[in-house]
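Colleague: How does the following fold in three dimensions:
(2 chains)
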Number of protein chains: 2
Amino acid sequence: MKIETVDFFYLAMPEITTAADGSQDALVVRVTAGGHVGWGECEAAPLPSIAAFVCPMSHGACQPVGSAVLGQRLDGPQDIARIAAQVDYDSMDLLQAAHTWSGIEMALWDLLGKVWGEPVWKLLGYERSYSKTPYASQLFGDTPQETLERGRRSRTEGFRAVKFGWGPIGRGALGVDVDHFVAAREGLGPDGLLLVDVGQVFGEDVERAAARIPALEAARATWLEEPFAASAYAEYAALAARSTVKMAGGEGAHNFHMARNLIDYGNVGFVQIDCGRIGGIGPAKRVADHARARGVTYVNHTFTSNLALSASLQPFAGVEEATICEFPVALQPLAVELTANHIKRDGNGEIAAPEAPGLGIEIAPAALDRYRVDVEISVRGRTLFRSRAGHNPGPDGVPAMDAAC
Amino acid sequence: MKIETVDFFYLAMPEITTAADGSQDALVVRVTAGGHVGWGECEAAPLPSIAAFVCPMSHGACQPVGSAVLGQRLDGPQDIARIAAQVDYDSMDLLQAAHTWSGIEMALWDLLGKVWGEPVWKLLGYERSYSKTPYASQLFGDTPQETLERGRRSRTEGFRAVKFGWGPIGRGALGVDVDHFVAAREGLGPDGLLLVDVGQVFGEDVERAAARIPALEAARATWLEEPFAASAYAEYAALAARSTVKMAGGEGAHNFHMARNLIDYGNVGFVQIDCGRIGGIGPAKRVADHARARGVTYVNHTFTSNLALSASLQPFAGVEEATICEFPVALQPLAVELTANHIKRDGNGEIAAPEAPGLGIEIAPAALDRYRVDVEISVRGRTLFRSRAGHNPGPDGVPAMDAAC
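Modeller: Got it, this is the predicted structure:
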């Protein structure tokens, strides 16, 4: 097969807030090859990501992502790896390229899986897809009481693991944070798995982060996620050495090496990979292999649609000992409506990467239209990109965006 | 003062080739505050960088760069650091943000220096600007003979140090590379400083890179630059342990931590920072301080205009023991014509960061018009960015691009 088209669908809620909620917009990617269709999703700012696909070349090591993708052969996983290497090399100086490529890479796996009639995790070499305990992923409340109620609600909904993130943590007095940690544990009950995500709020201030450790230990948190900037490995390692609560991080990795470094130099106990940022499923699988070899637990990072969720489950679907996974439970309507089917908890309250071919998730075309953000980019009077309803329908009848490279 | 406007000027040569020549296009930034003007340059793909400034917000940690910059107070270096921290945090998930911000940050230093009547290196705390030995930065020839001739020409032009980069190295048989290294040394003469840049061509293949070390040692190369992917620290360290030729790298760092990691984990002997990518002059100065503390030599990375060259000299202008600097000698006409004045070699063949206030480089408005690339970006029918000649002249009379946030 030959990659014929790559179309981007920029979707957004009518109102976007400053909440740390990544499901408020989406950049969905459709790839066609040999008359087949695959879908992926970038976890990225849509406009710069589209620009990185269509932009004029700056020089040999700063080429648009499109030039390494369109027209390429796609006959097996080795082709995805080959194209990935070419994107890495030809777009070395185009920083946004990794985010743009991530959604395309997912779509290539989805397409290949559909053609071969196999789920992606089988193409990755796994024998089976193990069920995982999903943790409800939500934000801290504005008050400890709100945090407590959110914990209770998750418990009522049957979640055995809950992650609280962002909110007021690290922004004020230590006591406020302690109250939230206590409230989270109380809401969740004594047996639940408590995960805490502070969204890089301590920057590189090890002491401020360390001041929270006793309270996290008392609340029996399983991990402290992203205390520091994504590449501040020395700070991660310094805090890890002072804490029985393990460190977690990795969502900021935009290539395999960055995740490997966080494991090897940052001494995290959990590595959290977003397939929509790291360059897709291939490099994420490499991270899963490396984590396993180092005794580190791989976890997906997912705060968007079930398409992204399926993609993010694939790289560690077959890792039996990696038993928990992120499961966004407060998605915006666009992220829910984007897919015709959804990954649901089974009778044991667990979820698994789908058994269906490809990513096993079907796109709902109506959502692509309902939440569409019209974009037009022209350079030197030539339109490089234009989104338009009903224009250029693909093999599956879904109207596409125009991307001229 | 308050930051009033940030304008982007996307310039390009009429024809762009796949040569690894970063001067084929440019993204120049003008900032105004309190009626004063500062200039900077992003070393980045222009279109995605512009998009990162004007794009709609995706969520609280994925905001456009513009929202953290426009309207901010600018009364001293601490304000630049404060805005930088806000960009880092608010645009955490917008990968391209660091490249966009880099040019703005430079322009803020330039503006501040002009207002205070001091060169930027003084604002950074240096007493004086030490002269450096510039190395002629050029590409390997297609044949060893061409490489030899380029070395000879540089020597004739009075350069005591020459860097050869990219070209055929690492793409074919070992013998070809050996011939080029021999030719480079021969062309340069026995006394010249020979620097070799292989542009990440070995990816993560330590053995292929190591096979070239004996020839590099025989040619008495001072450094081997970017043998591997920018974040492949373990591979850098592994090769460093097997070579008397020191490793160099760092141009891919898009924040302080990445450069620090390359020093601390990659064991490079030279750290090469591009102020147009790392987030500007502030983080580059932090790298210079860290390098000094670790006995590593700081070097600028510059392959664009003299505006970028001046900015890249500032962070280590006052470091006496850092005696060499990159000096692009084969710039495209746009990069030469962009500035009204140029950094020239003195009687000793050395160059220094200018003594004039700010970055000490004056923009030539005609070049902004001559090489202008017209861009228009609209989202939901609203124009977020439009470049147009003669439109919206700034305080210095230079026509600006429109950026509506």
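Colleague: Which positions in the stretch 151-300 of chain A make contact with chain B?
Modeller: With CB under 8 Å from any CB of the partner chain as the criterion, the stretch 151-300 of chain A meets chain B at residues A:166, A:199-200, A:203-204, A:229-234, A:252, A:254-255, A:257-258, A:260-261, A:264-265, A:277. No exception for glycine: its C-beta is placed from N, CA and C like everyone else's.
Colleague: Now which of those would you call buried?
Modeller: Those of these that meet the buried threshold are A:166, A:199-200, A:203-204, A:229-234, A:252, A:254-255, A:257-258, A:260-261, A:264-265, A:277, by 16 or more other CB atoms under 10 Å in any protein chain shown.
Colleague: can you give me the helices in the stretch 301-405 of chain A?
Modeller: Assigned by DSSP state H, counting those that start in this stretch, the helices in the stretch 301-405 of chain A fall at A:306-313, A:333-337, A:365-370.
Colleague: highest average neighbour count across those helices?
Modeller: Mean neighbours per residue, mean count of other CB atoms under 10 Å in any protein chain shown, is largest over the helices of the stretch 301-405 of chain A for helix A:306-313, with a mean of 31.
Colleague: element containing A:Ser102?
Modeller: helix A:97-116 (DSSP states H and E).
Colleague: got the angle for that helix vs helix A:306-313?
Modeller: Relative orientation of helix A:97-116 and helix A:306-313, computed by axes from the mean of the first three to the mean of the last three CA atoms, to 10 degrees: 90 degrees.
Colleague: what's in contact with the helix or strand following helix A:97-116?
Modeller: Per DSSP H and E, the first helix or strand lying C-terminal to helix A:97-116 is helix A:120-123. Helix A:120-123 is contacted by residues A:77, A:109-110, A:112-113, A:116, A:129, A:281, A:311, A:313-314, A:317-318, A:353, A:358-359 when judged by CB atoms under 8 Å, 6 or more residues apart in numbering or on different chains.
Colleague: what pLDDT, on average, does helix A:120-123 get?
Modeller: For helix A:120-123, mean pLDDT is 98.
Colleague: chain center to it, what's the gap?
Modeller: 18 Å (CA atoms, centre = their mean, to the nearest Å).
Colleague: How about stretch A:322-330?
Modeller: How far stretch A:322-330 lies from its chain's middle: 11 Å, per CA atoms, centre = their mean.
Colleague: can you check stretch A:121-138 too?
Modeller: Per CA atoms, centre = their mean, the centroid offset for stretch A:121-138 relative to its chain is 14 Å.
Colleague: what about that stretch, how long is it end to end?
Modeller: One end of stretch A:121-138 sits 27 Å from the other (CA to CA, to the nearest Å).
Colleague: Buried residues in it, which are they?
Modeller: For stretch A:121-138, burial by neighbour count (16+ other CB under 10 Å) applies to A:121-124, A:126, A:129-138.
Colleague: A:Asp21: what's its closest spatial neighbour, skipping adjacent residues?
Modeller: If the residues on either side of it in the chain are set aside, A:Asp21 comes closest to B:His59, at 5.4 Å by CB to CB, 6 or more residues apart in numbering or on different chains.
Colleague: Read off the pLDDT value for that neighbour.
Modeller: pLDDT at B:His59 comes out at 97.
Colleague: before we move on, the earlier item: touching chain B at all, the helix holding A:Ser102?
Modeller: Yes: using CB under 8 Å from any CB, we find that helix A:97-116 touches chain B at A:98-99.
Colleague: where along the stretch 201-350 of chain A do the strands fall?
Modeller: Assigned by DSSP state E, counting those that start in this stretch, the strands in the stretch 201-350 of chain A fall at A:221-225, A:246-249, A:270-273, A:297-300, A:324-328.
Colleague: just so I know, which of the ones you listed lies nearest A:Arg185?
Modeller: Across the strands of the stretch 201-350 of chain A, A:Arg185 has its closest neighbour in strand A:221-225 (8.1 Å, CB to CB).
Colleague: what sits up against that closest one?
Modeller: Strand A:221-225 has contacts (CB under 8 Å, 6+ apart) with A:161, A:163, A:165, A:181, A:193-198, A:209, A:212-213, A:216, A:239, A:243, A:245-249, A:269-270, A:272.
Colleague: how about the CA coordinates for it, as CSV?
Modeller: This file holds the C-alpha atoms of strand A:221-225, laid out as CSV (Å, rounded to 0.1, in the frame of the first residue of the first chain):
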residue,chain,number,x,y,z
ALA,A,221,-0.3,7.7,47.9
THR,A,222,1.0,5.2,45.4
TRP,A,223,2.8,7.9,43.4
LEU,A,224,3.5,11.6,43.1
GLU,A,225,3.2,12.6,39.5
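Colleague: Run the chain-centre distance for that strand.
Modeller: Between the centre of strand A:221-225 and the centre of its chain there are 19 Å (CA atoms, centre = their mean).
Colleague: cool, and stretch A:133-147?
Modeller: Distance of stretch A:133-147 from its chain centroid, counting by CA atoms, centre = their mean, is 19 Å.
Colleague: Surely A:Thr297 is in contact with A:Val268?
Modeller: No: at 9.2 Å, A:Thr297 and A:Val268 do not qualify as touching, with contact defined as CB atoms under 8 Å.
Colleague: follow-up on the earlier one: quick one: neighbours of the residue nearest to A:Asp21, just the number.
Modeller: For B:His59, the neighbour count with other CB atoms under 10 Å in any protein chain shown is 20.
Colleague: any chance you could map the helices in the stretch 101-250 of chain A?
Modeller: Using DSSP H, counting those that start in this stretch, helices in the stretch 101-250 of chain A cover A:120-123, A:144-156, A:174-188, A:206-210, A:213-218, A:233-240.
Colleague: Now do the helix or strand where A:Gly66 lies, average pLDDT.
Modeller: Taking DSSP H and E as the definition, one finds A:Gly66 inside helix A:65-69. What helix A:65-69 shows for mean pLDDT is 98.
Colleague: ditto for stretch A:354-366
Modeller: In this model, stretch A:354-366 has an average pLDDT of 97.
Colleague: same question, stretch A:333-343
Modeller: In this model, stretch A:333-343 carries a mean pLDDT of 97.
Colleague: that older thread, nearest to B:Thr18, of the helices of the stretch 301-405 of chain A?
Modeller: Of all those, helix A:306-313 comes closest under CB to CB, at 31.8 Å.
Colleague: List the residues that contact A:Ala218.
Modeller: Neighbours of A:Ala218 in contact, by CB under 8 Å, 6+ apart: A:181-182.
Colleague: ok, it to chain B distance?
Modeller: Applying CB to the nearest CB, to the nearest Å, the value for A:Ala218 to chain B is 28 Å.
Colleague: do the same with A:Gly381
Modeller: Noted for A:Gly381: a distance of 7 Å to chain B, by CB to the nearest CB.
Colleague: If you count neighbours, what's buried in the helix holding A:Ser102?
Modeller: Of all the residues in helix A:97-116, those buried under the rule 16+ other CB under 10 Å are A:97-115.
Colleague: do the same with stretch A:222-230
Modeller: By 16+ other CB under 10 Å, the buried positions in stretch A:222-230 come out as A:222-230.
Colleague: And stretch A:8-26, by the same measure?
Modeller: Using 16+ other CB under 10 Å as the test for burial, stretch A:8-26 gives A:8-13, A:16, A:19-26.
Colleague: Can you flag which of the residues you listed belong to strands?
Modeller: Counting by DSSP state E, the buried residues of stretch A:8-26 place A:8-12, A:25-26 in strands.
Colleague: How many residues are close by A:Lys163?
Modeller: A:Lys163: 29 neighbours (other CB under 10 Å).
Colleague: got it, and A:Gly172?
Modeller: Around A:Gly172 there are 9 other residues, counting by other CB under 10 Å.
Colleague: before we move on, what about the one 4 residues further on?
Modeller: Other residues within reach of A:Val176, judged by other CB under 10 Å, total 14.
Colleague: Who's the closest spatial neighbour of it, skipping the chain neighbours?
Modeller: In this structure, A:Val176 finds its nearest non-sequential neighbour in A:Pro168, 6.0 Å apart by CB to CB, 6+ apart.
Colleague: What is the most widely separated pair among the buried residues of stretch A:222-230?
Modeller: A:Thr222 and A:Ala229 (22.2 Å).
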